[in-house]
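Peer 1: What would the 3D arrangement of this be:
(2 chains)
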Amino acid sequence: MNGVHDVGGMQDFGPIKPEANEPVFHASWEGRVLAMNLAIAAWGKINIDNRRSVRELIPPAEQLAMSYYEKWYAGLVMNLIGVSMVTGAEVESGMPVPGSPKLTPPLTAARVPVFWSNGSPKIRSVPATANFRVGQRVRARNINPLTHTRLPRYARGKFGVVEKAHGIFVFPDTNAQGLGERPQYLYSVRFAARELWGDQARTKDTVYIDMWDDYLESV
Amino acid sequence: MIPPERTGGRCRSEGILANDESNPLDRRRFLKTAATGTAAVAVPGATHAEDHHDHQDVPSDPALRVKALESLLVEKGLVDRPALDALVDTFEHKIGPRNGARVVAKAWSDPAYKHRLLADANKAIAEFGYTGQQGEHMVVVENSPTVHHMVVCTLCSCYPWPTLGLPPVWYKSAAYRSRVVIDPRGVLNEFGLEIPDDVEVRVWDSTAEIRYLVLPERPPGTEGMSEEALAAMVTRDSMIGTAKVLPPGQRVMP
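Peer 2: Presented below is the predicted three-dimensional model:
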């Protein structure tokens, strides 16, 4: 979706404000929100693309006004309700519906180190055809889906060159919608800054963007 | 091994999207949802605090809302509280830019390691044990006298957690994410860095699950320094690409 999360190329957000000696979290609830997102992911019902796509649906003005972890909180609630792990009424009351069974969480403290170090790899060992080769000139497709995509607006329709093939990866556009992982080749594509931004960009400068097979067309 | 995340239940996002288009009320409700966390919009027929005041209001303070959600998830057996504690401890104490700095210092000190790091960053970083969430697919890019690399995620906040820790607020800000692709040199100027015209500025937009770490240039005047001393000089921003590692004795930019 052409949402406000897709900010690449905008110019009016003001100065960048680094914070000296920034803490990992600015309030302890932020750490709890992030931890809950990961602990819930251990159930295998909500994937990273589900999480991103739901946060992107927060209306633009609110999305820009909310803090980072407020968005993660809102997204987590939406995801939990979306897969029926909780109900809206439960979130409102803070209590389980009477009579609901108590489950056993898959992620215990003892399992955290393994859960952490294994990560959640998105590379897949399934057959797939690479439709593009390294060095090939390509164009990013001009697509405007109403659903989740990781093809940023600023690159659509632009010409680039395949720099590297990363391997076969889960395709977020379908994975976010519950339409399957549809694993396919992922490439690093080099774009000249001038191709993206015109003559105001320096001749030498470049932007490298990771793109799946379905985002590209041959020229 | 945790099984790959498969999509179990279908996310309600499509439903929300469809409602958004046809019914502005649902969009407003979503807004309310985001603000209060009640999320009633996603549940057909669910009551909402806005409409019915006959039940407990959701607290407006995020700390209280998050605490309430955690209690609910613990009560339902969906999360284990000590596991959350262990995850927070990991975020705060086990990951961070000191890890990445050790990788950089080793690459500066050991040409064979640097070769391995640039050829297969996953394996080379795993030699230190810095593997895991948001570092599953690492690529290291090397700054040189002809190329200056910098990393961004224009769509969200992708960042190599095991080596750099959680991203700073500015990295996640719209200001950085929007401008770094269109005006990287302007952004670098804000960080106090001037890159000569004949040097290519190469921006990496982390749109997929590949996570990028910049290997900064080793500064002059560091010959013979130990890996430990070198690691102490390597800053977080130099591994994002918004700073250089300064020679010994030079003040770090504020």
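Peer 1: switch to C-alpha atoms for all contacts and neighbour counts from now on
Peer 2: Noted.
Peer 1: what residues are up against the residue nearest the centre of chain A?
Peer 2: In chain A, the residue lying closest to the centroid (CA atoms, centre = their mean) is residue A:52, at 4.6 Å. Residue A:52 makes contacts with A:75, B:156, as judged by CA atoms under 8 Å, 6 or more residues apart in numbering or on different chains.
Peer 1: Tell me which helix or strand it sits in.
Peer 2: Assessed by DSSP states H and E, residue A:52 sits inside helix A:48-56.
Peer 1: Show the average pLDDT along that helix.
Peer 2: The average pLDDT within helix A:48-56 is 98.
Peer 1: before we move on, what SS does residue A:208 have?
Peer 2: Judged by DSSP: H, G, I helix; E, B strand; the rest coil, the three-state class of residue A:208 is strand.
Peer 1: So it sits against residue A:188, correct?
Peer 2: Yes - here residue A:208 reaches residue A:188: they are 6.3 Å apart, a contact under CA atoms under 8 Å.
Peer 1: which bits of the stretch 151-254 of chain B sit near chain A?
Peer 2: B:154-156, B:166, B:168-170, B:172-183, B:187, B:190, B:198-210, B:254 (CA under 8 Å from any CA of the partner chain).
Peer 1: Figure out the length between the terminal residues of stretch B:163-181.
Peer 2: In terms of CA to CA, to the nearest Å, the two terminal residues of stretch B:163-181 are separated by 23 Å.
Peer 1: Go through it and flag the buried ones.
Peer 2: For stretch B:163-181, burial by neighbour count (16 or more other CA atoms under 10 Å in any protein chain shown) applies to B:163-169, B:171-181.
Peer 1: mind listing the strands for the stretch 101-250 of chain B?
Peer 2: B:138-142, B:147-152, B:200-205, B:211-215 (DSSP state E, counting those that start in this stretch).
Peer 1: Likewise for chain A?
Peer 2: All strands of chain A, identified by DSSP state E, fall at A:137-140, A:159-169, A:184-192, A:206-212, A:216-218.
Peer 1: between these, which one is nearest to residue B:223?
Peer 2: Across the strands of chain A, residue B:223 has its closest neighbour in strand A:206-212 (32.3 Å, CA to CA).
Peer 1: what residues does that closest one touch?
Peer 2: A:150-151, A:171, A:184-193, B:181, B:200-208, B:210.
Peer 1: 6 Å instead?
Peer 2: A:185-193, B:202-205, B:207-208 (CA atoms under 6 Å, 6 or more residues apart in numbering or on different chains).
Peer 1: Quick one: the helices in chain A, in order.
Peer 2: For chain A, applying DSSP state H gives helices covering A:28-41, A:48-56, A:60-65, A:68-82, A:88-93, A:112-118, A:172-175, A:193-197.
Peer 1: Ok, which of these comes nearest residue A:140?
Peer 2: Of all these, helix A:193-197 comes closest under CA to CA, at 11.3 Å.
Peer 1: before we move on, back to that, hey, what's the angle from the helix holding residue A:52 to helix A:68-82? Just curious.
Peer 2: Put simply, helix A:48-56 runs at 110 degrees to helix A:68-82, going by axes from the mean of the first three to the mean of the last three CA atoms, to 10 degrees.
Peer 1: Put the alpha carbons of helix A:48-56 into CSV.
Peer 2: What follows is helix A:48-56, C-alpha atoms only, in CSV (Å, rounded to 0.1, in the frame of the first residue of the first chain):
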residue,chain,number,x,y,z
ILE,A,48,7.3,-10.6,10.4
ASP,A,49,5.4,-9.6,7.3
ASN,A,50,2.1,-9.8,9.2
ARG,A,51,3.6,-7.5,11.8
ARG,A,52,4.9,-4.9,9.4
SER,A,53,1.7,-4.9,7.3
VAL,A,54,-0.5,-4.2,10.3
ARG,A,55,1.6,-1.3,11.6
GLU,A,56,1.5,0.2,8.1
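Peer 1: sorry, back to before: quick one: closest of the helices of chain A to residue B:108.
Peer 2: Of the helices of chain A, nearest to residue B:108 by CA to CA is helix A:112-118, at 25.6 Å.
Peer 1: for the record, mean pLDDT for the closest one?
Peer 2: Per-residue scores along helix A:112-118 average to 97.
Peer 1: So residue B:92 versus residue B:81, what's the distance?
Peer 2: 17 Å.
Peer 1: now swap in residue A:50 and tell me
Peer 2: For residue A:50, the distance to residue B:81 - CA to CA - is 24 Å.
Peer 1: Looking at those two, which has the bigger crowd around it?
Peer 2: residue A:50 (28 against 22; other CA atoms under 10 Å in any protein chain shown).
Peer 1: Setting the sequence-adjacent residues aside, check what's closest to the more buried one.
Peer 2: The shortest distance from residue A:50 to any non-neighbouring residue, by CA to CA, 6 or more residues apart in numbering or on different chains, is to residue A:176 (4.5 Å).
Peer 1: Look up phi and psi at the one you found.
Peer 2: phi -70, psi -20 (degrees, to the nearest 10).
Peer 1: do the one 4 residues further on as well
Peer 2: Dihedral angles phi and psi of residue A:180 (degrees, to the nearest 10) take the values phi 100, psi 170.
Peer 1: quick one: contacts for it?
Peer 2: By CA under 6 Å, 6+ apart, the neighbours of residue A:180 are residue A:174.
Peer 1: pLDDT below threshold where in the chain?
Peer 2: By default, I'm working from chain A. Along chain A, no part satisfies pLDDT under 70.
Peer 1: nope, chain B please
Peer 2: Residues of chain B that meet the cut-off, pLDDT under 70, sit at B:1-60, B:251-254.
Peer 1: Fine by me, thanks again.
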